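Asker: Test case, fold it:
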Amino acid sequence: MTAPAQTSPQVSPQVSVQLYTVKDALEADLAGTVARLAGLGLEAVEAFDFVRRPAELRAAFDAHGIRARTGHAFLLSDEITSPDGTAGALPGLEETLDAAATLGLEVVIDPFTPADRWRTRESVAALAERLNRAAAAAEARGLLVGYHNHDHELRSEVDGAPALEVFAELLDPRVRLEVDLYWATAAGLDAAGLLTRLGERVVAVHVKDGPMREGISTAELPRDQVPAGQGDVPLAAALAAATSAQHAVIEFDHYEGDLFEGIAASRAWLVENAQVRA
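Answerer: Residues are numbered from 1 along each chain as shown. As a prediction, this is how the structure comes out:
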């Protein structure tokens, strides 16, 4: 492995929320859901499923004083398989970047690639090469691209190191990373140490919490996640180590309680316990 990346003086990340968290509410009532998030004191969100309706999302955000600087869209896959096993084509790179520009994003982040693409150096290198090409295309629009981890990119090892860290070494300097603190911890890593090693490449972190136990995996999303500060993820230490992160993004993969109450509790914990901008 290379020496740890140097970091700049710590910035204060802004609290955000990944709209996947409220995807069902958003689909039922886009404007009303955005209004509820704004009512919680949020001024930033991370866009989800934005390529099919960037103008509509932008109008709702503008109406309620919300800005989306980061957004999730697939950059490393050509199709996605639905739960029933049906494969569907994904939007192409140019369409995705056009939508991102319309929405006013700064960073387009690929949210997921399957575990089988992280098992060999060759496959990891192919992912890095594709994201590097996307970075060049994005630069022409004043955009950056990035990648968001789950557990499998860190459980898998390539040449004795977590595959995600090998991936990071192969990336163009323009490419950013968004580190999911819950999934990094579930993979058995010290999230703070990981953030220190990844250094300035980290533009955002996903803030989520829950009990740590055997068997947590994206293969079956956990149903016991809790608001930030109520579980076993060492969020405070990780956030202190995320010296270049500009966004602290609240997310629930699943939450048994009221989602808006869970978001509010997470935001309150962040404001009280971390150096963040509300």
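Asker: tell me the contacts of residue 79?
Answerer: Taking C-beta atoms under 8 Å, 6 or more residues apart in numbering, we find residue 79 in contact with 87-90. The way it works is simple: take the backbone N, C-alpha and C, and place the C-beta from them, glycine included.
Asker: neighbour-wise, which of these leads?
Answerer: Greatest neighbour count in those, by other C-beta atoms under 10 Å, goes to residue 90: 17 neighbours.
Asker: What are the neighbouring residues in contact with it?
Answerer: Contact analysis of residue 90 by C-beta under 8 Å, 6+ apart lists 74, 77-80.
Asker: Which members of the residues you listed are classed as buried?
Answerer: residue 74 (16 or more other C-beta atoms under 10 Å).
Asker: and of the contacts of residue 90, the nearest to residue 98?
Answerer: Nearest to residue 98 among these is residue 74, at 14.8 Å by C-beta to C-beta.
Asker: Let me know the pLDDT of that closest one.
Answerer: For residue 74, the pLDDT comes out at 98.
Asker: Then residue 87?
Answerer: pLDDT recorded at residue 87 is 78.
Asker: Tell me the bridge partners for it.
Answerer: residue 81 (DSSP bridges).
Asker: For residue 166, which non-adjacent residue is spatially closest?
Answerer: Leaving aside its chain neighbours, residue 166 sits nearest to residue 158 (4.6 Å; criterion: C-beta to C-beta, 6 or more residues apart in numbering).
Asker: if we can go back for a sec, tell me the least confident of the contacts of residue 90?
Answerer: Scoring these by pLDDT puts residue 80 last, at 85.
Asker: contacting residues around it?
Answerer: Per C-beta under 8 Å, 6+ apart, neighbours of residue 80: 74, 87-88, 90.
Asker: Taking the residues you listed, tell me the two that lie furthest apart.
Answerer: Top of the distance list for the contacts of residue 80 (C-beta to C-beta): 74 and 87, 13.0 Å.
Asker: buried residues in stretch 114-130?
Answerer: 115, 117-118, 123-124, 127-128, 130.
Asker: make that stretch 144-159, sorry
Answerer: 144-156, 158.
Asker: Please identify which pair of the residues you listed lies farthest apart.
Answerer: The most widely separated members of those are 144 and 155, with 26.9 Å between them, by C-beta to C-beta.
Asker: In the stretch 51-200 of the chain, mark out all the helices, start to finish.
Answerer: 54-63, 93-103, 121-139, 152-155, 163-169, 181-186, 191-198 (DSSP state H, counting those that start in this stretch).
Asker: Can I get the ones you listed in TSV including mean pLDDT and distance to residue 247?
Answerer: What follows is these, written out as TSV (pLDDT from 0 to 100; distance: least, C-beta to C-beta, whole Å):
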stretch	mean pLDDT	distance to residue 247
helix 54-63	98	15
helix 93-103	98	15
helix 121-139	98	17
helix 152-155	98	20
helix 163-169	98	18
helix 181-186	98	13
helix 191-198	98	14
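Asker: For residue 261, which of those is the nearest?
Answerer: Taking C-beta to C-beta, helix 181-186 is the member of the helices of the stretch 51-200 of the chain nearest to residue 261, at 18.8 Å.
Asker: who are the neighbours of that closest one, in terms of helices and strands?
Answerer: Secondary-structure packing of helix 181-186 (3 or more C-beta pairs under 8 Å, 6 or more residues apart in numbering; DSSP states H and E): helix 191-198, strand 202-207, helix 235-241.
Asker: if you compare the ones you listed, which one is most tucked away?
Answerer: Each of the helices and strands packed on helix 181-186 was scored by mean neighbour count; the highest is strand 202-207, a mean of 26, by mean count of other C-beta atoms under 10 Å.
Asker: just for this protein, where's the confidence low?
Answerer: For the chain, the stretches with pLDDT under 70 are 1-10, 82-85.
Asker: which residue sits farthest out from the middle of it?
Answerer: Distance from the C-alpha centroid of the chain peaks at residue 159, with 25.8 Å (C-alpha atoms, centre = their mean).
Asker: residues contacting that residue?
Answerer: Residues near residue 159 by C-beta under 8 Å, 6+ apart: 121, 166.
Asker: re earlier: which two in the contacts of residue 79 are spaced the farthest apart?
Answerer: The most widely separated members of those, counting by C-beta to C-beta, are 87 and 90 (9.9 Å).
Asker: Residue 25 against residue 33, yeah?
Answerer: Yes: counting by C-beta atoms under 8 Å, residue 33 is a contact partner of residue 25 at 4.5 Å.
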